[in-house]
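In: Build me a model:
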Amino acid sequence: MQSEEPTSPREDMTLRGFTFSFFTMTAIIASYFPLYFQYKGYSTVQIGLLYSVGPLIGIVSNLFWGLMSDKYQTVKKVLLLILLGQLFVAFFMFRVDGFALLMVLMAGFFFFQQPMTSLNDSLVLLTVSGTKKSYASFRVWGSIGFATAALVFGELLRTFGAGVTPLLALGSIILSLGLASMLRDARDPQFKRPDFSGFVPIIMSRPFLAFLVTLLIVSTAHRMNDGFLALYLQKLGASPSVVGWSWMASAISEIPIFFLLSKYGHRYKELPLLAVCSLVYAIRFLLMTFVENPLWAIAIQLMHSVSFGIFLFTAIRYIQSAIPDQYRASGQAIFAMTWSGLAGLISGTLGGWIFNTWSPQAMYGTASALAFVALLGFLVLHARQSGPRGADDFQA
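Out: Residues are numbered from 1 along each chain as shown. Model (predicted):
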């Protein structure tokens, strides 16, 4: 599913603009949905459940939309369809008050929202394939979009209150929909639909499954921070603008790391790099257990550069090396199912329970311990793949 001709500068700019736009919605979900639901009167446990039901549905939706994209050899049409679905469900989601109905609508919203990142990554990877363009030069606009939304929307919420969150969310979706309609689809009309019988042995191989399990452990730690950072900072007395600054600091910090890895990352093997990012995650979340002034969280969030920056770029590189281009969307869906779907489910339920029953500090201590376990896991995987047999065969 690769374009026959390289994209033009204008088409590249449209893809960068789309990446910027849909990441503004990601910022709203990560940074301000918890505050909005708290404003609506829901408890920490209920908010944790709302965040867990989405990723639960996302486990299915990532794979479903990824398979549809590969089967029909289109990313653009799938993106347009799921954005329309988001807009329709979000309109009703912000108008209900009952928790049970909100859970159902959140599940529907995440069915359409969860695959956004993996499909966009697929489109970018297919666009840059066979060219001198880099993945980082496109993905960095997602970080810029996230940072911009975290800061600007945080100031808007501080001024007008959490009640404006629905307007910001709907506006972001409409903007993304408009830009998606102008995207160039990365597909080759002459390319035959892939035979998925070759995909299953790859993802079911022992090395790949072990990699996904280890990825899940560190992703769960990461998602605990995503889901409860805003509530933790608010408990420490932070305003929405401080929450926004914290998220902006983390998003901006990704940018130099993406470019450094794009230029020099190929010199280092994936598993040792993932071990390094797991170590930084462990230290980062351990430091969060000692935070008393919310401003310190902004400084600690800068460690996001080395932790998540290395994690995202390197994990995608590993997936790309293990799975052929004809299964690109499905491969990215498997990755998204793991680090977003399953990890979101576990972190939402477990993190919410620890946050509410024990303390935010206990939750971050658990996240730090999980990251350390992942560190050991990546080192073991690297040792096994560097043994006498060399790199494991993904077909085994």
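
In: Only C-alpha atoms from now on, for both contacts and neighbour counts.
Out: Noted.

In: Check what pLDDT S197 gets.
Out: S197 is assigned 65 on the pLDDT scale.

In: R10: neighbour count?
Out: The tally of other residues near R10 (other Cα atoms under 10 Å) stands at 10.

In: Tell me the gap between the lowest-mean-pLDDT helix or strand in the chain and the middle of its chain.
Out: Scoring the helices and strands of the chain by mean pLDDT, DSSP states H and E places helix 199-203 at the bottom, with a mean of 76. Mean-position distance between helix 199-203 and its chain equals 23 Å (Cα atoms, centre = their mean, to the nearest Å).

In: Show the average pLDDT along the following helix or strand past that helix.
Out: The element immediately downstream of helix 199-203 (helix or strand, assigned by DSSP states H and E) is helix 206-235. Averaging pLDDT along helix 206-235 yields 90.

In: Helix 206-235: what's the following helix or strand?
Out: Assigned by DSSP H and E, the successor of helix 206-235 is helix 240-264.

In: quick one: average pLDDT of that next one?
Out: 82.

In: Now do it: which elements does it pack against?
Out: helix 135-160, helix 206-235, helix 294-301, helix 304-322 (3 or more Cα pairs under 8 Å, 6 or more residues apart in numbering; DSSP states H and E).

In: what about 6 Å?
Out: Judged by 3 or more Cα pairs under 6 Å, 6 or more residues apart in numbering; DSSP states H and E, helix 240-264 is in contact with helix 135-160, helix 304-322.

In: elements contacting the longest one?
Out: I take that to be helix 135-160. With contacts defined as 3+ Cα pairs under 6 Å, 6+ apart, helix 135-160 has these neighbours: helix 9-27, helix 240-264.

In: Figure out which of these is closest to T314.
Out: Closest to T314 of those, according to Cα to Cα: helix 240-264, at 8.4 Å.

In: Buried residues, that closest one. List them.
Out: Within helix 240-264, the residues scored as buried using 16 or more other Cα atoms under 10 Å are 240-255, 257-259, 261-262.

In: ok, and what's touching the helix or strand that comes right after it?
Out: Next helix or strand after helix 240-264 toward the C-terminus (DSSP H and E): helix 270-288. Contact partners of helix 270-288, identified using Cα atoms under 6 Å, 6 or more residues apart in numbering, comprise 307, 310-311, 314, 364-365, 368, 371-372, 375, 378, 382.

In: ok and helix 270-288 relative to helix 294-301, angle-wise?
Out: 170 degrees (axes from the mean of the first three to the mean of the last three Cα atoms, to 10 degrees).

In: what's the angle between helix 270-288 and helix 304-322?
Out: Using the same axes, to 10 degrees: helix 270-288 against helix 304-322 is 150 degrees.

In: In PDB, list the C-alpha atoms belonging to helix 270-288.
Out: The C-alpha coordinates for helix 270-288 follow below in PDB (Å, rounded to 0.1, in the frame of the first residue of the first chain):
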ATOM      1  CA  GLU A 270      16.100  -1.200  19.300                       C
ATOM      2  CA  LEU A 271      15.900  -3.300  22.400                       C
ATOM      3  CA  PRO A 272      18.800  -1.600  24.300                       C
ATOM      4  CA  LEU A 273      17.300   1.700  23.400                       C
ATOM      5  CA  LEU A 274      13.900   0.600  24.800                       C
ATOM      6  CA  ALA A 275      15.700  -0.600  28.000                       C
ATOM      7  CA  VAL A 276      17.200   2.900  28.300                       C
ATOM      8  CA  CYS A 277      13.800   4.600  28.000                       C
ATOM      9  CA  SER A 278      12.300   2.200  30.600                       C
ATOM     10  CA  LEU A 279      15.000   3.200  33.000                       C
ATOM     11  CA  VAL A 280      14.200   6.900  32.500                       C
ATOM     12  CA  TYR A 281      10.500   6.100  32.900                       C
ATOM     13  CA  ALA A 282      11.300   4.400  36.300                       C
ATOM     14  CA  ILE A 283      13.300   7.400  37.500                       C
ATOM     15  CA  ARG A 284      10.700   9.900  36.200                       C
ATOM     16  CA  PHE A 285       7.800   8.200  38.000                       C
ATOM     17  CA  LEU A 286       9.800   7.700  41.100                       C
ATOM     18  CA  LEU A 287      10.500  11.400  41.300                       C
ATOM     19  CA  MET A 288       6.800  12.100  40.900                       C
END
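
In: Which helix or strand contains I57?
Out: Using DSSP H and E, the element containing I57 is helix 44-72.

In: need the next SSE after that helix, C-terminal direction.
Out: With secondary structure assigned by DSSP H and E, helix 44-72 is succeeded by helix 76-93.

In: Let me have the helices and strands packed on helix 240-264 in a markdown table, extended by mean neighbour count, mean pLDDT and distance to F64.
Out: A markdown table is the format used below for the helices and strands packed on helix 240-264 (neighbours: other Cα atoms under 10 Å; pLDDT from 0 to 100; distance: least, Cα to Cα, whole Å):
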| stretch | mean neighbour count | mean pLDDT | distance to F64 |
| --- | --- | --- | --- |
| helix 135-160 | 21 | 87 | 23 |
| helix 304-322 | 20 | 87 | 18 |
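
In: In JSON lines, list those along with distance to H222.
Out: What follows is the helices and strands packed on helix 240-264, written out as JSON lines (distance: least, Cα to Cα, whole Å):
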{"stretch": "helix 135-160", "distance to H222": "16"}
{"stretch": "helix 304-322", "distance to H222": "8"}
